[in-house]
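Enquirer: What follows is a predicted protein model with its sequence.
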Amino acid sequence: MDEVTVEGKKYIALTGEIGNLPLIVVKAKKGYIACSYIDKETAEKVGDIAAFVSGVKNLDDVKKAKIRCATTWAEDLGIREGMSVKKALELMDAEEK
């Protein structure tokens, strides 16, 4: 496990070389941002709060990426296609109202 800092906030990052691109997941309190190796359909079936990015090769790329798609549960938090990863992580870390 690694750690990644996004706008001063630290998150747990899982990275691994598994094929032509690395597997990358950044974990927030309520959910995660993942590269396209993680399947949205499966995340949806199991009720994960998850958002997905594509075309990333490292954690710096993830920090600069835009959300490509999200599960229904992530959308319920306000996460939308085209949103910055920073904003999506903030929403996944927000306290319940």
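Expert: Cool, the structure landed. This one's a predicted model, so the numbers in the text were calculated from it and none came from an experiment. Residues are numbered from 1 along each chain as shown.
Enquirer: When you work out contacts or count neighbours from here on, use the C-alpha atoms and nothing else.
Expert: Noted.
Enquirer: The residue nearest to the spatial centre of the chain pairs with what?
Expert: What sits nearest the mean C-alpha location of the chain, by C-alpha atoms, centre = their mean, is I33, with 0.7 Å. Under DSSP bridges, the beta-bridge partners of I33 are V26, A51.
Enquirer: need the contact list for it.
Expert: Listed by C-alpha atoms under 8 Å, 6 or more residues apart in numbering, the contact partners of I33 are 25-27, 50-53, 85, 89.
Enquirer: likewise G78?
Expert: L91.
Enquirer: show me where pLDDT drops low in the chain?
Expert: Counting by pLDDT under 70, the chain has low-confidence residues at 96-97.
Enquirer: now the strands: where do they sit in it?
Expert: 2-6, 9-17, 22-27, 32-34, 50-52, 69-70 (DSSP state E).
Enquirer: Of the contacts of I33 - the most surrounded one?
Expert: A51 (34 neighbours; other C-alpha atoms under 10 Å).
Enquirer: these two touch, right, it and K66?
Expert: No: in this structure, A51 is not within contact of K66 by C-alpha atoms under 8 Å, at 9.8 Å.
Enquirer: which other residues reach the longest helix seen in the chain?
Expert: Taking DSSP state H as the criterion, the chain has its longest helix at helix 85-93. Residues outside helix 85-93 that contact it (C-alpha under 8 Å, 6+ apart): 6-7, 28-33, 49, 51, 62-67, 74, 77-79.
Enquirer: Next, count neighbours for E95.
Expert: If you count neighbours by other C-alpha under 10 Å, E95 ends up with 9.
Enquirer: and if you look at K45?
Expert: Look at K45: counted by other C-alpha under 10 Å, it has 9 neighbours.
Enquirer: how far away is A88 from C35?
Expert: 14 Å (C-alpha to C-alpha, to the nearest Å).
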